[in-house]
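Chemist: pasting a predicted model and its sequence here:
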Amino acid sequence: MTGRTLDYLTSSGERAATIVPLTWFTLIVSIVVCWIIAVLLWGGLRRTRRHAAGVQSRDIAVRRGGDGLNWIKWGLAISAVPLLITLVWTMAALGHIAGPPRRPGMTIDVTPHQYWWEVTYNGPTAANTFSTANEIHIPTGTRVLVRLHGADVIHSFWVPQLSGKTDAIPGQTNLSWIAADRPGRYFGQCTEFCGLEHAKMAFEVVADTPGDFNAWRRAQLQTAPPPATAAAQRGLQFFEYRCALCHAVRGTTAASHYGPDLTHLMSRQLIASGALANTRGNLAGWVDGPQKIKPGALMPDQKLTGQQLNDVVAYLETLQ
């Protein structure tokens, strides 16, 4: 993985801001309870050893009475208080965040696959609709409705700094929503075991200012430019012959939707669903031998010659 972490103890959006305080409360109460139990056990063991030195525990007679029952009563009464607070707080939090917003500022469709994320931005016409992969851009200050579609097996969508977990189940559409208060990049992960490379099925939510988001959207709607060098031209020819079986690049004959749309591949910071930074070396290694990086991924090793690999990479680098 790229070293990014799932920070679930801080929030950067309206929905997560409701969840994080409850998480901190539950965590602190749990720690305090564990410490109290540890101290009581330690005290009980010391007391037993002091009063029964040299005596085997099985030789000590069981005595009825005393204040043992009071310990249980007080323990139950004290424990009920944080449990009741947690119950009421949880119900209130769910009431605030569980349902989708009535008037979302934007709607996107997210379809997880083994093992990557397809993201579709729908417009009023086909010319205003495009798909990308593994990197979700949203405008800050906007409630974004996320429609989740299961493509193969059950996956789960989670961006802890922005949202709770929602499963994506084949055959049905589940709804979630995210909102970011400030610009930034927020790491997300599939949290439902979905196969061999479940751990390497990550994505990023990029929160842009509204102006930057609109500029990004306009750029994404553009088709790929024609290659300008001989190496890139050979790479395009090879791409349309070999890679178009799975991938799409708008503006070329490659139009398959089996794998990620690569029209603006180089605008993304990560490749292989968060497994690698998007550098020339990592890109070449991924194109040639994905099974060495993510064994079990549906993309087979290409076993290209050096010339073929250089040409394909030269072409992919033009997909800005």
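Modeler: Great, that's in hand. Everything numeric here is computed off the predicted structure, so don't read it as measured data.
Chemist: stretch 107-118: how far from the chain's middle?
Modeler: Stretch 107-118 sits 11 Å away from the centroid of its parent chain (CA atoms, centre = their mean, to the nearest Å).
Chemist: contacts for it?
Modeler: 119-122, 131, 133-134, 136, 138, 144-153, 155, 157, 168, 190, 194-195, 197-198, 200-201, 203, 259-261, 272-273, 294, 296-298 (CB atoms under 8 Å, 6 or more residues apart in numbering). Using the backbone N, CA and C atoms, a C-beta is placed for each residue, glycine as well.
Chemist: so what secondary structure elements neighbour the top helix by length along the chain?
Modeler: If you go by DSSP state H, the chain has its longest helix at helix 14-51. With contacts taken as 3 or more CB pairs under 8 Å, 6 or more residues apart in numbering; DSSP states H and E, helix 14-51 sits against helix 68-97.
Chemist: show me where pLDDT drops low in the stretch 151-300 of the chain?
Modeler: Judged by pLDDT under 70, the stretch 151-300 of the chain has no weakly predicted residues.
Chemist: just the helices in it please.
Modeler: 210-220, 230-242, 280-288, 290-293 (DSSP state H, counting those that start in this stretch).
Chemist: got those as TSV, with mean neighbour count and distance to residue 13 columns?
Modeler: Compiled in TSV, the helices of the stretch 151-300 of the chain are given as follows (neighbours: other CB atoms under 10 Å; distance: least, CB to CB, whole Å):
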stretch	mean neighbour count	distance to residue 13
helix 210-220	14	15
helix 230-242	18	38
helix 280-288	17	30
helix 290-293	14	31
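Chemist: of the contacts of stretch 107-118, buried ones?
Modeler: 119-121, 131, 133-134, 136, 138, 144-150, 153, 155, 157, 168, 190, 194, 197-198, 200-201, 203, 259-261, 272-273, 294, 297-298 (16 or more other CB atoms under 10 Å).
Chemist: what is residue 167 paired to in the beta sheet?
Modeler: Beta bridges link residue 167 to residue 156 when assigned by DSSP bridges.
Chemist: contact partners for it?
Modeler: Contacts of residue 167 by CB under 8 Å, 6+ apart are 148, 154-157, 174, 192.
Chemist: rerun at 10 Å
Modeler: Neighbouring residues of residue 167 by CB atoms under 10 Å, 6 or more residues apart in numbering: 112, 148, 150, 154-158, 174, 176, 191-192.
Chemist: swap in residue 259?
Modeler: Going by CB under 10 Å, 6+ apart, the list of residues near residue 259 reads 113, 116, 118, 133, 243, 245-248, 297-299.
Chemist: rerun at 7 Å
Modeler: 246-247, 299 (CB atoms under 7 Å, 6 or more residues apart in numbering).
Chemist: distance of it from residue 93?
Modeler: Applying CB to CB, to the nearest Å, one obtains 38 Å for the distance of residue 259 from residue 93.
Chemist: for residue 221, state which of the contacts of residue 259 is nearest.
Modeler: Nearest to residue 221 among the contacts of residue 259: residue 247, at 18.4 Å, using CB to CB.
Chemist: give the contact list for that closest one.
Modeler: The contact partners of residue 247, by CB under 7 Å, 6+ apart, come to 254, 256, 259-260, 262.
Chemist: 6 Å instead, please
Modeler: Contact analysis of residue 247 by CB atoms under 6 Å, 6 or more residues apart in numbering lists 254, 259, 262.
Chemist: among the contacts of stretch 107-118, which lie within strands?
Modeler: In this view, these that belong to strands under DSSP state E are 119-121, 131, 133, 136, 138, 144-149, 155, 157, 168, 190, 203.
Chemist: closest one to residue 316 out of the contacts of residue 167, please.
Modeler: Closest to residue 316, out of all of those and judged by CB to CB, is residue 112, at 23.5 Å.
Chemist: count of neighbours near that closest one?
Modeler: Counted with other CB atoms under 10 Å, residues neighbouring residue 112 total 26.
Chemist: for it, helix, strand, or coil?
Modeler: Taking DSSP: H, G, I helix; E, B strand; the rest coil as the rule, one finds residue 112 in the strand state.
Chemist: any idea how far residue 203 is from it?
Modeler: 9 Å.
Chemist: now render the contacts of residue 247 as a markdown table, adding distance to residue 98.
Modeler: A markdown table is the format used below for the contacts of residue 247 (distance: CB to CB, whole Å):
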| residue | distance to residue 98 |
| --- | --- |
| 254 | 41 |
| 259 | 34 |
| 262 | 36 |
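Chemist: out of those, which one sits closest to residue 71?
Modeler: Using CB to CB, the contacts of residue 247 come closest to residue 71 at residue 259, 62.1 Å.
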